[in-house]
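Asks: Structure of the sequence below:
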Amino acid sequence: MLGLIIKKGVTAMLMPPLSLLLLALLAWGLWRRRPRLARSLLALAWLALLVLSFQPVADALQQSLEQDHALSAVELQQAQVIVVLGGGSYAAAPEYGGEDTVSRFTLERLRYAALLQRQSGLPILVTGGSPEGGRPEAALMQEALERDFHVPVRWVEGASLDTADNARLSAAMLKAAGVDRVALVSQAWHLPRAQHQFELQGLTVMPAPTGFRTRPRVSAWYWWPSAEALYASQIALREWLGRLAATVGQKTGPS
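Replies: Next up is the predicted model:
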């Protein structure tokens, strides 16, 4: 758990807006001794904040991560199970009596998984632990699928803390049941890294992306900076960082 806290802390420091705020603070500290450098750093921080807040930039960053196509009917027929990755929880939701429930990203994945299950009749595995405390995401996902979508869940993996854990622990459950071909459901920007982790566990993966960054109808507001665009840019940059960390870890890990 300590390692997870450290990883999240380092990630937060590297991501905007905190990273840009730290850069601005560095510029302030250098203002008297190195004024030219300080002005350059401050300008860089403001420029990066502005650029990342534009919708076209956010779209380009997320689309650079996405799978290039949705799951086809032929690919779905090749799968033995639908695996749904947790995408966060919505803690103490007032409208649900203060109970924890699934987040927006998780709900998007569950909705698509329910559609795939009705089309195929395949069993479902949900995977996600509780890295921030509370009920495991997998338990919340099972509850939402069975109560809200009336879709049964066969396997619940609730101990994982990250994508690598999702893959490792889910693979162990599936292989014990003689399953090695999965339709893997996650956000389109997250799925390539998740697919790689599941394939490292010896599973054949049919990627089932959802939540594509489709382009809205272009209007004048599309070119204005916004907090929503900055958040989308942050998601994309965090995912690129995750890919980099996974690549470095694979190269430096045991052979």
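Asks: C-alpha from now on. contacts and neighbour counts both.
Replies: OK.
Asks: For the stretch 151-255 of the chain, which segments are assigned as helices?
Replies: Taking DSSP state H, counting those that start in this stretch as the test, the helices found in the stretch 151-255 of the chain are 163-176, 191-200, 227-252.
Asks: Format those helices as TSV; extra columns: mean neighbour count, distance to residue 139 and mean pLDDT.
Replies: Output for the helices of the stretch 151-255 of the chain, formatted as TSV (neighbours: other C-alpha atoms under 10 Å; distance: least, C-alpha to C-alpha, whole Å; pLDDT from 0 to 100):
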stretch	mean neighbour count	distance to residue 139	mean pLDDT
helix 163-176	18	14	97
helix 191-200	19	20	96
helix 227-252	16	25	88
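Asks: Those: which one's closest to residue 128?
Replies: Checking the helices of the stretch 151-255 of the chain against residue 128 by C-alpha to C-alpha gives helix 163-176 as the closest, at 6.5 Å.
Asks: ok, and what's touching that closest one?
Replies: 85, 125, 127-128, 155, 157, 159-160, 180, 194, 197-198, 201-203 (C-alpha atoms under 8 Å, 6 or more residues apart in numbering).
Asks: How about stretch 81-90?
Replies: Counting by C-alpha under 8 Å, 6+ apart, residues outside stretch 81-90 touching it are 100-103, 105-106, 109-110, 113, 116-117, 122-128, 137-138, 140-141, 166, 179, 181-186.
Asks: List only buried entries from these.
Replies: 100-103, 105-106, 109-110, 113, 116-117, 122, 124-128, 137-138, 140-141, 166, 179, 181-186 (16 or more other C-alpha atoms under 10 Å).
Asks: By mean pLDDT, flag the weakest helix or strand of the protein.
Replies: helix 2-14 (a mean of 74; mean pLDDT, DSSP states H and E).
Asks: what residue is smack in the middle of this protein?
Replies: With distances taken as C-alpha atoms, centre = their mean, residue 190 lies nearest the centre of the chain, 4.8 Å away.
Asks: Please name the nearest non-neighbouring residue to that one.
Replies: residue 239 (6.8 Å; C-alpha to C-alpha, 6 or more residues apart in numbering).
Asks: quick one: the one you found from residue 246, how far?
Replies: Distance of residue 239 to residue 246, computed by C-alpha to C-alpha, to the nearest Å: 10 Å.
Asks: And for residue 176?
Replies: According to C-alpha to C-alpha, residue 176 and residue 246 sit 26 Å apart.
Asks: Identify each buried residue in stretch 200-219, please.
Replies: 201, 203-210, 212-213.
Asks: Can you lay out those residues as a markdown table showing pLDDT?
Replies: Formatted as a markdown table, the buried residues of stretch 200-219 follow (pLDDT from 0 to 100):
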| residue | pLDDT |
| --- | --- |
| 201 | 98 |
| 203 | 98 |
| 204 | 98 |
| 205 | 98 |
| 206 | 98 |
| 207 | 98 |
| 208 | 98 |
| 209 | 97 |
| 210 | 97 |
| 212 | 94 |
| 213 | 89 |
